[in-house]
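Q: I would like to see how this sequence folds:
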Amino acid sequence: MATVDLSNLGVGSGLPLATLYNNLETAENTKLTAITNQKTTYTAQLSAYGKLQSALTNLQTATTALGKASTWNATSVTSSNTAFSATTSTDATIGSYTVNVDQIAKAQVLMSGNIDSSTKQLGGTTTDGTRTLTITQPGTKEPLKITLSDSQTSLTSIASEINKAGGNVSATVMKADDGEYRLFLTSKSTGTDGNMTVTVDGDDTLQQLIGHDSTSSAMSVQTSSQNARVSINGIMIERSSNNIDDALTGVTLTLKAKSSADESLDVTRSTDATTKAVNDWVTAYNALQSTIASVTKYVSVDAGADSQSTSNGALMGDGTVRSVQAQLRSQLTQVQSGSYAIMAQFGITQDPKVGSDGSTGNLKVDTDKLSAALTKNPEAVQAYFIGDGKTTGLATTMGTSLTNMLNTSAGSEGVIQSAQDGINATIKTLDKRYTATEASIEATMARYKAQFTALDSLVTKMNSTSTYLTSQFSKSSS
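A: Below is the predicted model of the structure:
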């Protein structure tokens, strides 16, 4: 509100008009305080619904994970292997395989002859002062082409330019002794597809120092390339890489060394991923109960108190919250049609005790019982949560409920969005009321000021007249 100058009000009349004005203004402003308090309450409710929405979203994420077949089809390698390691995906077939690594894949390494300096320019005379170094590999679509100037033909410069080009070849210069330097070229890919052909166009001198092909070579083969060869159940396969992901479906082999004997690769169903998914879901469900307890908390006050405790939850007694909680809890008690009809059969029960945060209906997990169920009959636990994937199965039905609750699409808003929309609409209405009330108060106080100013002027004149008459009477009597 605008600040009003009251410094001269009441000075002439002697009346406490400034104090009276301030008291009236304070009384009028209580109308704004009431609106502000209402807005604070609704803003707190909006924040509480945000917390509830976040907890529901976390539960939805955990529930969705339980409803995915990939969660239940996780596999792992239980064998310990020496010549290779293996990882699996959800589409791997459970079974045991005999594996024997015949040879691992190697990358080709070329080595130049002895050069007496690493910085001496080795190139010959060219027409335009440049030459083109080309490295070709069968497994690389485009050859690596590098233009070298006259000042870039030393071993150090050649290696630097090759490495800066970012191709499938790395280069290094090694010093053996003073006056003995060699250039090494190493294919970044293993197998014969990484074999290198090196040519220098436009500079025969440099070609004779670092050129290499299958018929003639200035560079020698320091390490010969070779493909990986591995026998799986007696069938020999050959690949250019030591990482083989297309031999067994869902299994990636990483070859490390030649086998000294046959090794067994054992692929089994993994309970770790499933156990984590179940525990994550229980944690998310309990976190939701904790959030509900927080936003609906009631703190008793002394008998006869006129107001509620300020520690009460912003959504205390809110029907929407209670409806959400009741709907989800009711699904926990629905009997499923599979071998496991209720969660308690595989180790998940509701805790009858009230949590330290006031939450109720929390779930607890019997780790041993759950582990035994996932080991002996994982399909039954999966059926309990997934059901037919449409209308049955706890994760399926709860997932549908959570999706509906959290829906934000126009015309199909869920209960959370609807509640938030209602609160936002109320807050907008309160903002309008605040603005209108503030304008009304300003008009009222302006009217009071005008009236007080007129009263001050009138009383001032009356006081002046009284003083004058008193003076005259005093003179006449004397």
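
Q: and residue 10, what's its pLDDT?
A: Per-residue pLDDT puts residue 10 at 54.

Q: could you do residue 419 as well?
A: 94.

Q: to what extent is residue 97 buried, counted in neighbours?
A: Residue 97: 18 surrounding residues under other C-beta atoms under 10 Å. C-beta coordinates here come from the backbone N, C-alpha and C atoms, glycine included.

Q: wait, it sits on residue 262?
A: No. Using C-beta atoms under 8 Å as the test, residue 97 is too far from residue 262 to be in contact (10.2 Å).

Q: low-confidence ranges in the stretch 201-350 of the chain?
A: Residue ranges of the stretch 201-350 of the chain with pLDDT under 70: 301-309.

Q: break this protein into its domains for me.
A: Domain ranges of the chain: 1-74+270-297+312-473, 75-105+228-269, 109-223, per automatic domain parsing.

Q: which residues of the stretch 251-400 of the chain fall in helices?
A: Along the stretch 251-400 of the chain, counting by DSSP state H, counting those that start in this stretch, helices occupy 272-295, 319-332, 367-376, 378-386, 394-405.

Q: now the ones you listed as TSV including mean neighbour count and distance to residue 101?
A: Converted to TSV, these look like this (neighbours: other C-beta atoms under 10 Å; distance: least, C-beta to C-beta, whole Å):
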stretch	mean neighbour count	distance to residue 101
helix 272-295	20	27
helix 319-332	15	51
helix 367-376	15	32
helix 378-386	21	32
helix 394-405	20	42
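
Q: need those in CSV with distance to residue 90, can you?
A: Formatted as CSV, the helices of the stretch 251-400 of the chain follow (distance: least, C-beta to C-beta, whole Å):
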stretch, distance to residue 90
helix 272-295, 9
helix 319-332, 27
helix 367-376, 15
helix 378-386, 13
helix 394-405, 17
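
Q: closest one to residue 226 among these?
A: Nearest to residue 226, of all the helices of the stretch 251-400 of the chain, is helix 272-295, at 36.9 Å by C-beta to C-beta.

Q: same for that closest one, what does it pack against?
A: The criterion is 3 or more C-beta pairs under 8 Å, 6 or more residues apart in numbering; DSSP states H and E, and the helices and strands that helix 272-295 contacts are helix 17-66, helix 69-72, helix 319-332, strand 363-365, helix 367-376, helix 378-386.

Q: next one: stretch 325-338 to chain centre, how far?
A: Distance of stretch 325-338 from its chain centroid, counting by C-alpha atoms, centre = their mean, to the nearest Å, is 30 Å.

Q: what's in contact with that stretch?
A: 59, 285, 288-289, 292, 341-343, 350, 361, 363, 380, 383-384, 387, 392-394, 397-398, 401-402, 405 (C-beta atoms under 8 Å, 6 or more residues apart in numbering).

Q: where does residue 162 land in three-state SS?
A: helix (DSSP: H, G, I helix; E, B strand; the rest coil).

Q: could you say which helix or strand contains the nearest residue to it once chain neighbours are set aside?
A: Excluding the flanking residues, the one nearest residue 162 by C-beta to C-beta, 6 or more residues apart in numbering is residue 171, at 4.1 Å. Element membership for residue 171, per DSSP states H and E: strand 169-177.

Q: and that strand, which strands flank it?
A: Here strand 169-177 is paired, per DSSP bridges, with strand 180-187 (antiparallel).

Q: may I have the partner strand as CSV, with CA atoms only?
A: The C-alpha trace of strand 180-187 is given here as CSV (Å, rounded to 0.1, in the frame of the first residue of the first chain):
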residue,chain,number,x,y,z
GLU,A,180,68.7,-45.2,-33.3
TYR,A,181,65.1,-44.4,-33.7
ARG,A,182,62.1,-46.4,-35.1
LEU,A,183,58.6,-45.6,-36.1
PHE,A,184,55.9,-48.0,-34.9
LEU,A,185,52.4,-48.2,-36.4
THR,A,186,49.8,-50.2,-34.5
SER,A,187,46.3,-51.1,-35.8
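
Q: okay, buried residues for the next helix or strand after that strand please.
A: On the C-terminal side of strand 180-187, the nearest following helix or strand under DSSP H and E is strand 197-201. Within strand 197-201, the residues scored as buried using 16 or more other C-beta atoms under 10 Å are 198, 199, 200.

Q: elements contacting strand 197-201?
A: strand 130-136, helix 204-210.

Q: how about residues contacting that strand?
A: Contacts for strand 197-201 (C-beta under 8 Å, 6+ apart): 110, 131-137, 185, 206-207, 210-214, 219.

Q: select only the buried ones of the residues you listed in PyMOL?
A: Those of these that count as buried under 16+ other C-beta under 10 Å are selected in PyMOL with:
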select buried, resi 110+131+133+135+137+185+206+207+210+211+212+219
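
Q: report the angle between the axes of the longest helix along the chain and helix 394-405?
A: If you go by DSSP state H, the chain has its longest helix at helix 415-477. Between helix 415-477 and helix 394-405, the angle comes out at 40 degrees (axes from the mean of the first three to the mean of the last three C-alpha atoms, to 10 degrees).

Q: give the other helices and strands that helix 415-477 contacts.
A: Against helix 415-477 (3+ C-beta pairs under 8 Å, 6+ apart) you get helix 17-66, helix 319-332.

Q: how distant is it from the center of its chain?
A: With C-alpha atoms, centre = their mean, you get 56 Å for helix 415-477.

Q: so the residue nearest to residue 122 when sequence neighbours are not counted versus residue 315, what's the distance?
A: Spatial nearest neighbour of residue 122, chain neighbours left out: residue 153 (4.8 Å); criterion: C-beta to C-beta, 6+ apart. Taking C-beta to C-beta, to the nearest Å as the measure, residue 153 falls 78 Å from residue 315.

Q: next one: residue 291
A: Taken as C-beta to C-beta, the span from residue 291 to residue 315 is 10 Å.

Q: common neighbours of these two, please.
A: By C-beta under 8 Å, 6+ apart, the residues touching both residue 291 and residue 315 are residue 52.

Q: what about the closest residue to residue 154 other than its chain neighbours, neighbour count?
A: Distance criterion C-beta to C-beta, 6+ apart; nearest residue to residue 154, sequence neighbours excluded, is residue 119 at 4.9 Å. Neighbour count of residue 119, defined by other C-beta under 10 Å: 10.

Q: pLDDT value on residue 119, please?
A: Reported pLDDT for residue 119: 96.

Q: again with the one 3 residues further on
A: At residue 122, the pLDDT value in this model is 96.

Q: contacting residues around it?
A: Here residue 122 is in contact with 115, 153, 154, 155, 205, 206, 209 (C-beta under 8 Å, 6+ apart).

Q: how about the contacts made by the second one?
A: Same thing as residue 153. Neighbouring residues of residue 153 by C-beta under 8 Å, 6+ apart: 121, 122, 123, 131, 203, 206.

Q: how close does it sit to residue 134?
A: 15 Å.

Q: what's the answer for the last one, then?
A: Counting by C-beta to C-beta, the gap from residue 209 to residue 134 is 15 Å.

Q: show me what stretch 405-420 is in contact with.
A: Contacts for stretch 405-420 (C-beta under 8 Å, 6+ apart): 46, 49-50, 52-53, 56-57, 60, 320, 323-324, 327, 404, 421.

Q: where does the stretch 351-478 of the chain dip in pLDDT?
A: Short version for the stretch 351-478 of the chain, where the test is pLDDT under 70: 456, 477-478.

Q: which one of the buried residues of strand 197-201 is nearest residue 354?
A: Looking across the buried residues of strand 197-201 and measuring by C-beta to C-beta, the closest to residue 354 is residue 198, at 77.4 Å.
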